[in-house]
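S.K.: Sharing a sequence plus its predicted fold:
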Amino acid sequence: RNTRAIYQQMQRLNHTLVPLPASALNPDGIPVIVESPALGNAHSAAAKERIARLTDDATRRTKVEEAQLTHYLDMLINHEKVLPQNILIISCRRQRAGTGKNKVKASAFFRRTKIGDFAICPLRERSQDDLPRDKESVRITTLHAVKGLDSDVVILVELDGMTGNSLKKRLGYIAVSRARHALYVFGKPKELRRYFTVVATTPQP
């Protein structure tokens with residue numbers, strides 16, 4: 001059900017997967033797009049300047065990833081004519097921040113109703129029965145609640161929510177395997193190099 005390009009990325013995260021035989025019917029698909037956060041996708045010079053002035057790394061990261069998300073959602077929906085409900089954003093953070101020893105970060109995007117001009121529908125259950133009735137909504141969920149879901153297009157964000165090497169590989173594999181036709185991964189270079197085959201990158205600001 002995955003393209004060859006996505007399956008090859010799955011293999012990097014799960015070495016027990018056997019290579020696809022030449023006779024397999026999986027289409028080649030487009031390359032997996034792996035990008036480092038960059039200011040280049042901010043929609044205006046004013047937006048770039050506001051982001052550049054931010055001194056808090058977490059806030060800066062969120063603003064940069066939001067600019068990337070807006071850019072790719074515009075490309076996919078308005079130019080490539082992908083239906084919004086066929087796009088799934090997966091955050092590697094949790095729906096809510098942890099407390100005590102479990103100091104996990106909360107997703108900056110999960111509780112939003114819009115990213116840029118695009119309506120967002122958060123999925124809190126682990127079932128595709130939660131597909132939004134409104135076909136104009138992009139779905140968003142978290143890495144820990146994505147099992148059982150899949151989508152034509154998957155965008156993986158907030159990679160800093162994954163901790164522990166074995167956990168990163170296991171959860172990363174689950175996230176990557178959710179994509180049927182196209183996969184986009186946003187993260188800092190050190191987050192990407194170990195677990196993802198970098199096909200296309202933009203420079204770190």
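M.R.: The structure has been received and is ready for your questions.
S.K.: Next, name the residue at the spatial heart of the chain.
M.R.: Leu156 (1.2 Å; Cα atoms, centre = their mean).
S.K.: Read off the pLDDT value for it.
M.R.: In this model, Leu156 is scored at 91, pLDDT.
S.K.: I'd like the next helix or strand past the least confident helix or strand in the chain by mean pLDDT.
M.R.: Every helix and strand of the chain was ranked by mean pLDDT, DSSP states H and E. The lowest is helix 45-53, at a mean of 55. Moving toward the C-terminus from helix 45-53, the next helix or strand (DSSP states H and E) is helix 57-73.
S.K.: any idea which helix or strand comes after that next one?
M.R.: Past helix 57-73, the next helix or strand by DSSP H and E is strand 87-91.
S.K.: Centre of the chain to that following strand, how far?
M.R.: 5 Å (Cα atoms, centre = their mean, to the nearest Å).
S.K.: which strands and helices sit next to it?
M.R.: strand 137-142, strand 151-157 (3 or more Cβ pairs under 8 Å, 6 or more residues apart in numbering; DSSP states H and E). Glycine gets a C-beta too; all of them are placed from N, C-alpha and C.
S.K.: which residues are in contact with it?
M.R.: Residues from elsewhere that reach strand 87-91 (Cβ atoms under 8 Å, 6 or more residues apart in numbering): 69, 73, 76-77, 107, 109-110, 115, 120, 138-143, 146, 149-158, 161, 175, 178.
S.K.: From the rest of the structure, what touches the following helix or strand past it?
M.R.: Going down the chain from strand 87-91, the next helix or strand is strand 114-115, by DSSP H and E. Contacts to strand 114-115, defined as Cβ under 8 Å, 6+ apart, come from residues Glu66, Leu69, Thr70, Leu73, Ile89, Phe109, Ile120, Val138.
S.K.: In JSON lines, list the helices and strands packed on strand 87-91 along with distance to Asn26.
M.R.: Output for the helices and strands packed on strand 87-91, formatted as JSON lines (distance: least, Cβ to Cβ, whole Å):
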{"stretch": "strand 137-142", "distance to Asn26": "24"}
{"stretch": "strand 151-157", "distance to Asn26": "14"}
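S.K.: Quick one: closest of these to Leu13.
M.R.: strand 151-157 (11.6 Å; Cβ to Cβ).
S.K.: which parts of that closest one are buried?
M.R.: The neighbour-count check on strand 151-157 (16 or more other Cβ atoms under 10 Å) flags Ser151, Val153, Val154, Ile155, Leu156, Val157 as buried.
S.K.: swap in stretch 137-152?
M.R.: With burial defined by 16+ other Cβ under 10 Å, the residues of stretch 137-152 counted as buried are Ser137, Val138, Arg139, Ile140, Thr141, Thr142, Leu143, His144, Ala145, Val146, Leu149, Ser151.
S.K.: Name the nearest of these relative to Ser36.
M.R.: Of these, the one sitting nearest to Ser36 (Cβ to Cβ) turns out to be Leu143, at 19.4 Å.
S.K.: which intervals of this structure have sub-threshold pLDDT?
M.R.: 1, 37-57, 98-103, 124-134, 163-168, 194-205 (pLDDT under 70).
S.K.: can you name the farthest residue from the center of it?
M.R.: Ser23 (30.1 Å).
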